[in-house]
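Enquirer: could you work out the structure for the sequence below:
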Amino acid sequence: MQETKGVLERISHHEKLGLTVNENCSIALPADVLQKLLQPHRLAHYCFIFMDEGSETYQVDLQKISISDGQVAFGLPNQIFTNPIKKESNQNYKIGFDENTLALLPHTYPFLLNPLNTNTITFDPVAKQRVKSVMSILFQLLHAEGKQKPAEIILAHLNTLLTEFNSAYFAEANQELISDPKMTKYVEFRLAVESHLTEQPDVHTIAESLALTTSTLYGIVKEYSGLSPKEWMTNRLMLEAQRKLRYSPVSVKELAYELGFNDPDYFSRTFKKNTGKSISRFLEDLRDLSSN
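Expert: Residues are numbered from 1 along each chain as shown. Down below sits the predicted model:
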C-alpha cells in the first residue's frame with residue numbers, strides 16, 4: 001500500500017491552500033505521483049471525482065464504487081483508495097483538499113464523516129449543472145494566467161461546492177442532519193469511535209461522552225446503521241484489520257496489539273466471526289486474487 005502524506009503539497013494548485021482541482025486530467029501530474037495514485041494508497045487528504053460524462057469504477061476500502069453521469073465518488077483521509085486508468089472518453093473533475101483548507105471554511109459538512117456508509121453522491125440534473133459550474137469556476141480560478149487569485153475567492157466557491165455535496169448526500173436518504181438531533185448524535189458516535197478506535201472504549205463510556213444513556217445510544221445507532229453500537233465498533237475494527245492485512249506486512253500478533261486486543265487468539269476468533277474467514281484463509285484469498 002502506498003502512503004500519500006506529502007502528495008497534496010506537491011500537486012497543490014494554490015500557494016496558500018492545500019487544494020488541487022483538475023479538469024479531464026488536463027493538468028499532468030509528476031510521473032512518480034501518478035504511479036503512486038494508480039496503486040492502492042492510503043489517503044492523507046479528501047478526494048472527490050465528479051463524473052460529467054462517462055463511467056468509472058474506483059475502489060474504496062476493499063469495495064468497488066462505480067459512478068456515471070451526475071455522480072461523485074469520494075475518499076476520506078485514512079481510507080484506502082484506488083484510481084482506475086483514465087478513459088479518454090470520460091469527462092470529469094477531480095478535487096482534493098486537506099484538513100487545513102477545510103478548517104478555513106465557514107461551515108462544517110457532516111457528510112465528510114460519511115454517516116450513511118456510502119462513498120458516492122448522486123445529483124439531480126439541475127444540481128449536476130450547478131456542481132459542474134462551480135467545479136469549472138474553481139478550475140479556472142486556480143489555473144488562470146497571471147497573478148494568483150485570492151484565497152478568499154477560492155474558499156467561497158469551495159464552500160458552495162461542499163454545501164451542494166452535503167445537501168445531495170443526505171437528500172438521497174431523505175435525511176436532514178441539521179434538523180435531526182438523532183442523526184447528529186450518530187455522527188458524534190462515529191467520530192468518537194474513529195478518534196479512539198484502537199483504545200476500544202466501551203459503549204457506556206461513549207454514551208456518557210455524548211450525554212446519552214446506553215439504551216438511547218443503542219436505539220440511535222441501530223436506527224441509522226442496523227447494528228448495535230458494539231457491533232458497529234467491531235465492524236470498524238475488523239475493516240481496519242482487513243486494510244492492514246491487505247496492504248501492510250504485519251504479523252497477526254502485531255496487528256492484534258496494534259488494534260487494541262490483548263489476546264491475539266481472541267482477535268483471530270473475532271476476525272473469523274466478523275468476516276466469515278480465518279485470517280489465514282483471508283490472506284490466501286488475497287494471494288490468489290493478486291495472482292490472477
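
Enquirer: so for stretch 201-218, mean pLDDT?
Expert: Taken as a whole, stretch 201-218 has an average pLDDT of 93.

Enquirer: residues of that stretch that come out buried?
Expert: 201, 203, 206-207, 210, 212, 217-218 (16 or more other CB atoms under 10 Å). In this view, the C-beta of every residue, glycine as well, is placed from N, C-alpha and C.

Enquirer: can you add distance to residue 84 and secondary structure and give those back as TSV?
Expert: Output for the buried residues of stretch 201-218, formatted as TSV (distance: CB to CB, whole Å; DSSP: H, G, I helix; E, B strand; the rest coil):
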residue	distance to residue 84	secondary structure
201	38	coil
203	39	helix
206	38	helix
207	42	helix
210	39	coil
212	42	coil
217	39	helix
218	40	helix
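
Enquirer: residue 8 touches residue 44, doesn't it?
Expert: Yes - when contacts are counted by CB atoms under 8 Å, residue 8 is listed as touching residue 44 (6.8 Å).

Enquirer: what sits in contact with each of the two?
Expert: Among the neighbours of residue 8, those also in contact with residue 44 (CB atoms under 8 Å, 6 or more residues apart in numbering) are residue 98.

Enquirer: settle it for me: which of these two has more neighbours?
Expert: residue 8 (22 against 19; other CB atoms under 10 Å).

Enquirer: where do the strands sit along the stretch 51-200 of the chain?
Expert: 55-60, 63-68, 71-75, 80-82, 91-97, 120-122 (DSSP state E, counting those that start in this stretch).

Enquirer: okay, those strands, which one's buried deepest?
Expert: Neighbour counts (mean count of other CB atoms under 10 Å) averaged over each of these peak at strand 71-75, with a mean of 24.

Enquirer: residue 230: which of the strands of the stretch 51-200 of the chain is closest?
Expert: Residue 230 lies closest to strand 63-68 among the strands of the stretch 51-200 of the chain, at 22.8 Å (CB to CB).

Enquirer: now do the closest one: which elements does it pack against?
Expert: strand 46-53, strand 55-60 (3 or more CB pairs under 8 Å, 6 or more residues apart in numbering; DSSP states H and E).

Enquirer: would TSV of those strands with distance to residue 194 be doable?
Expert: Below are those laid out as TSV (distance: least, CB to CB, whole Å):
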stretch	distance to residue 194
strand 46-53	15
strand 55-60	16
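
Enquirer: what are the bridge partners for the residue nearest to residue 136 when sequence neighbours are not counted, then?
Expert: For residue 136, ignoring the flanking residues on the chain, the nearest one in space by CB to CB, 6 or more residues apart in numbering is residue 23 at 7.1 Å. When assigned by DSSP bridges, residue 23 has beta-bridge partners residue 93.

Enquirer: how distant is stretch 97-112 from the center of its chain?
Expert: Between the centre of stretch 97-112 and the centre of its host chain there is 13 Å, according to CA atoms, centre = their mean, to the nearest Å.

Enquirer: let me fix that: stretch 204-223
Expert: Worked out by CA atoms, centre = their mean, stretch 204-223 lies 24 Å from the chain centre.
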